[in-house]
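1. sequence first, then the predicted structure:
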Amino acid sequence: MLRERFEVTMLEAEGMPSETLKRHISETDPIGIVGMVNVPITDEIMAAAPHLRVVANYAVGYNNVDVAAATRRGVLVTNTPGVLTDATADLAFALILAVARRIVEADKFLRDGKFKGWKADLLLGTDVYGRVLGIIGFGRIGQAVARRGLGFNMSVLYSDARRATPEVESELRAQYVPLDELLRKADYVTIHADLNDQTRHMIGERELKLMGPEHYLINAARGPIVDEKALVRALKEGWIKGAGLDVYEREPKTEPGLADCWNAVLLPHLGSATVTARAAMAETAAKNLIAAVDGQTPPNLINPEALAAVKR
């Protein structure tokens, strides 16, 4: 789609030093950048592209983009919400099932040749059906996880800065509760909040101890929402029963000791990693970029304040 309209340069920018990336950007002077969530688009990077009009992020999150700097420069920033909702919700629920039924541990047990036949107490797990599901962040993805919970006859609690409408609460049989109450009552706590100053380290030592030794934590949202150092202690010392993680505080690095925790299922940021979702994300990012370059308001604009200063 983009190649039909523009000269496209592909950069393998993950892990690239910022000075090298800045040099590439300066040499090509793009009018648009399609950015990946693991590539920082800083003020310096944007300054190297004087004709830049839009940063179309290939993700629903945009913490990798300096949105304030983009707005100041009149650069539009877009994301790809909606198209990855179901894929991410599926993965979050897969983590719930994996930690509850010890799927990864059991797979390794068999591959290591330890399975000698059925035993009544072999790798006993925890029920999911009929338990309490606590959802932190009740936007598109949080609500999609709630729908999956209903299929398992789970009671749904949720906590969010904004309460859902009565219609949504009724449809999903979801009860709005304060965060502390959710942490105390939910058998499975799953995070689907945005990362901002209010949510960074929202789950730390205090919150993990509130959960208790029979509860599980799932994070398929943003790594820094959880204090990873405290989580390692929680897993090793039994503050909680287990965790399922798809994101990490200092990605791609993980906190020392986390990989040694047998009661954690760890995935390499696969939330939207289905063929269908990734193709839809690419199409959405391309449409956002084209709209911005054509002088239209992109469908998924993050910083409408930049429209007043857009460079034509």
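-> Good, I have the coordinates.

2. what about the strands in this protein?
-> When secondary structure is read from DSSP state E, the chain shows strands at 32-35, 54-57, 76-78, 132-136, 155-159, 174-176, 188-191, 216-219, 242-245, 264-266.

3. domain assignment for the chain?
-> Per automatic domain parsing, the domain ranges recorded for the chain read 18-82+275-309, 85-266.

4. what's the end-to-end length of the longest one?
-> Its first and final residues considered, domain 85-266 spans 20 Å by CA to CA, to the nearest Å.

5. let the chain start at 35 from now.
-> Sure, I'll start numbering at 35, so the last one becomes domain 119-300.

6. chain center to that domain, what's the gap?
-> Once both centres are worked out by CA atoms, centre = their mean, to the nearest Å, domain 119-300 turns out to sit 13 Å from its chain's centre.

7. also the shortest one?
-> Relative to the mean C-alpha coordinate of its chain, domain 52-116+309-343 is positioned 19 Å out (CA atoms, centre = their mean).

8. start and end of that domain, how far apart?
-> Domain 52-116+309-343 has an end-to-end distance of 26 Å (CA to CA).

9. any idea of the mean pLDDT for that domain?
-> Along domain 52-116+309-343, the predicted confidence averages to a pLDDT of 94.

10. now do stretch 189-196
-> If you average the per-residue pLDDT over stretch 189-196, you get 97.

11. TSV for the strands of the chain, including mean neighbour count?
-> For glycine as for every other residue, the C-beta is placed from the backbone atoms N, C-alpha and C. Below are these laid out as TSV (neighbours: other CB atoms under 10 Å):
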stretch	mean neighbour count
strand 66-69	23
strand 88-91	27
strand 110-112	27
strand 166-170	26
strand 189-193	22
strand 208-210	17
strand 222-225	28
strand 250-253	28
strand 276-279	26
strand 298-300	21
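
12. ok, now which ones touch residue 183?
-> Under the criterion of CB atoms under 8 Å, 6 or more residues apart in numbering, the contact partners of residue 183 comprise 127, 167, 190.

13. how about the last one, what does it touch?
-> If a contact means CB under 8 Å, 6+ apart, then residue 190 has 167, 169, 180, 183, 184, 206, 207, 208, 209 as its contacts.

14. nearest to residue 118, of the strands of the chain?
-> Of all the strands of the chain, it is strand 88-91 that lies closest to residue 118, at 12.0 Å by CB to CB.
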